[in-house]
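**Q** need a structure here:
(chains A and B)
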Amino acid sequence: MDLVNRAHTSSGPRTPAARRAWPRAAALPAALALLLAAGLLAPPRAQATTTSYFVTLKSGVMTGEGSGDTLFRVKQAENGTLRESREVSTQGLELDFYTASTDLFGMGLALETHQYAKSFTFSDAAGALPGDRVNIEGRTLLYTLRAYLRLGLLLPFVGLGSGNYYVKYAESLNPVSFIDSAPQVWTTRYGFRMLFGRFGLLAEQGQIMAPLAVRSRADRPTLELGGRYTAFGLSYSF
Amino acid sequence: MLPFQIGPRALPRCRAIVLAALWLALAAGRALWAAPDNGGLGPLSLRNQFPPSLGYLNFTPEAPRTLPAGDLRLTYQLAVANTFINTQAPSKNSTTVIDKAAVLAGLDESDFPAMGYGAYIDLETTRHAFALRYGLFEQLELGLDMAWISLGGGGLDAGIESFESSIGALNKDRTRVPRNRFDFYLIRDGKFLVHTSRAADLLPQDPVLQVKWNWGDGGDLLPMVTLKGTYKAPLLSDPGSPRNLVSSGGIDYGYYLLLAKRIGSVIGHLQFGATQLQIDGGSFNAVLEHKLFGLEFRSDDSNSWVFQVVTQSSLFEAADFVSNQGDFLLSRPTDVLVLGHKYQGRHGSFDVGFAEDFNQNQNETDIILFVELGWTW
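**A** Below you'll find the predicted structure:
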């Protein structure tokens, strides 16, 4: 947002960095606006047949925030500043069962799996704190019930679900590694599907709440395996 | 001035509530006049068969639909479960090692860690379960479960090792101990909770009473919602050996929410709840949390193929990971994948399937094979 504002409001000539950033920052809202317009202008009946199955390849980002994620605060106090972003990139596969209940409403059941792996480095520029590296590999199986609106080619939805979230966790300074799973997992979703014949686009956002107590430490800080989740995908229906 | 503050941390929760409210509002509008068959035939009704948990009440997945008023159903289920747990296996980097020689020589407290849990469980259980259900009112059902369990060495070890080898997932710890033996050793802080290598036949479990209330069949958007309560009453408060292998002598109870939603020819099942256990001496967790997600594929009105994942918190209490690796492995939540087929005729029913511990946790059965026959009057 900051880059967009700078590019539009600057009175002088735009810097090369701003010129490079502008198309990237504006691409998403422009694409969403185009999709929305196409959906609203499309014929009133959705192209999705009475019962459809969607297979979707997804790519997204997850913030890792929420549910009192305290591990990274504790690690920064002990091992210095976190050098990377807390966000993780995810790749996933989703299978949806969708049925049209009426001309206006539809229901769906989504079964999705996605995974990520990232190393986080903690270091203190002053050298007073010992640095450390934490490797986190997350893998999940989520299932959500989704309510759709059928607006022509556009199928906006909201969803609520649960699932299982597994993690492989490792620290380097005091070598420790374990595999564990979050005891409580909940997820909310909102987004839309855009259908073009059998192919389609998916854009969604939501919250994945999967807090895990890191039991390798005596103070048992919380590691949020989920967070705010934003994803885009390409689907095929049959 | 608001009586509460909405900070950045509260936003995700607020968003979740708003979304849930929106979904319910959408659902309520349609659910009032539309009622598809959301219930289906239900998930596969198989309870946890992990040997240390057999004495306690546990969650049994069940169809959310209740019997019509006046109907009576009797089912018989035969389930064979194979379990192998060795917290002191060479692969676990434990301080003491239990191998073939140690097992044949007989195990004692010194084979296990002095602190925390330790287990060597190599056995097969055969559970004969009878379940009686009666439709008291149109949406209220009463139930009684009785089961008898035989514990022994069994004969599935070779087949399981062969199957695991064929898919490249052989548990090598299995090959380092004798096959088809019955050994049940569970220890905590240097004292045995269970220690026996003597098989036992047809030990009666404590009876379980249950009530199931179908709150609503749902609609086009709203799922079928059913509440279930269960209560385990001990036949004997101090069952003695060997009956104490399958009866805790305590009063347990559970409460569960069963949801089902039909999407085309697929029915999604979501069931969750908790079981409160009467634990003497604080040897195990007193509360177990359960969750089931299942997909039921209806091939016709009488037949369904079912895939379900059942997750529950561990019976074992969590301990400090650094002090005892074995405790950590034992106290992780368990996951079981259950696959099977259900048939429901006009009067008779037949289920068949198997369950597999796909996470290879140290607190779950390896595999369960089961069949169930039922008749409705």
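**Q** residue 141: how many residues sit nearby?
**A** By default, I'm working from chain A. 17 (other Cβ atoms under 10 Å in any protein chain shown). Where you see a C-beta, it was placed from the backbone N, CA and C, and this is true even at glycine.
**Q** oops, chain B please
**A** 26.
**Q** any weak-confidence spans in the stretch 251-377 of chain B?
**A** Scanning the stretch 251-377 of chain B for pLDDT under 70 picks out B:319-328, B:360-361.
**Q** and it, which of its residues are near chain A?
**A** Applying Cβ under 8 Å from any Cβ of the partner chain, one finds that the stretch 251-377 of chain B approaches chain A through B:261-266, B:268, B:270, B:272, B:289, B:291, B:293, B:295, B:309, B:311, B:313, B:318, B:320-322, B:328, B:332-333, B:335, B:359.
**Q** tell me where chain A has strands.
**A** Ranges of strands in chain A, per DSSP state E, are A:51-62, A:81-82, A:88-100, A:105-123, A:132-149, A:154-171, A:176-181, A:186-196, A:199-209, A:211-213, A:222-224, A:227-237.
**Q** least reliable of those strands going by mean pLDDT?
**A** For the strands of chain A, the bottom mean pLDDT is recorded on strand A:176-181, which sits at a mean of 82.
**Q** quick one: distance of it to the chain centre.
**A** 23 Å (Cα atoms, centre = their mean, to the nearest Å).
**Q** close to chain B, is stretch A:83-102?
**A** Yes. Stretch A:83-102 reaches chain B (Cβ under 8 Å from any Cβ) through A:97-99, A:101-102.
**Q** now render the residues you listed as JSON lines, adding neighbour count.
**A** Putting those into JSON lines (neighbours: other Cβ atoms under 10 Å in any protein chain shown) gives the following:
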{"residue": "A:Phe97", "neighbour count": "24"}
{"residue": "A:Tyr98", "neighbour count": "26"}
{"residue": "A:Thr99", "neighbour count": "22"}
{"residue": "A:Ser101", "neighbour count": "19"}
{"residue": "A:Thr102", "neighbour count": "11"}
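**Q** would you point out the most distant pair within these?
**A** A:Phe97 and A:Thr102 (17.3 Å; Cβ to Cβ).
**Q** mind checking how far the nearest residue to B:Gly135 once chain neighbours are set aside is from chain A?
**A** The spatially closest residue to B:Gly135, leaving aside those adjacent along the chain, is B:Leu67, at 3.4 Å (Cβ to Cβ, 6 or more residues apart in numbering or on different chains). Separation of B:Leu67 from chain A (Cβ to the nearest Cβ, to the nearest Å) stands at 26 Å.
**Q** tell me the SS of B:Leu67?
**A** Here B:Leu67 is recorded as coil under DSSP: H, G, I helix; E, B strand; the rest coil.
**Q** list the contacts of the residue sitting nearest the centre point of chain B.
**A** With distances taken as Cα atoms, centre = their mean, the residue of chain B nearest its centroid is B:Asn48 (2.9 Å). Counting by Cβ atoms under 8 Å, 6 or more residues apart in numbering or on different chains, B:Asn48 touches B:58-59, B:310, B:312, B:334, B:336, B:364-365.
**Q** 10 Å - rerun?
**A** Shown in contact with B:Asn48 (Cβ atoms under 10 Å, 6 or more residues apart in numbering or on different chains): B:54, B:56, B:58-60, B:81, B:275, B:288, B:290, B:310, B:312, B:315, B:334, B:336, B:355, B:364-365, B:368.
**Q** repeat for A:Gly159
**A** A:108-110, A:142-148, A:187-191, A:204, A:206, B:19, B:23.
**Q** go with 6 Å
**A** Residues in contact with A:Gly159 (Cβ atoms under 6 Å, 6 or more residues apart in numbering or on different chains) are A:144, A:146, A:189.
**Q** okay, now the second one: neighbour count?
**A** Put plainly, it is A:Arg146. 25.
**Q** secondary structure class for B:Tyr120?
**A** strand.
**Q** for the residue nearest to it when sequence neighbours are not counted, give the beta-bridge partners.
**A** Spatially, and ignoring its direct neighbours in sequence, B:Tyr120 is nearest to B:Tyr185 (4.4 Å; Cβ to Cβ, 6+ apart). On the basis of DSSP bridges, B:Tyr185 is bridged to B:Tyr120, B:His195.
**Q** any idea how far B:Tyr185 is from B:Asn86?
**A** Between B:Tyr185 and B:Asn86 the computed distance is 10 Å (Cβ to Cβ, to the nearest Å).
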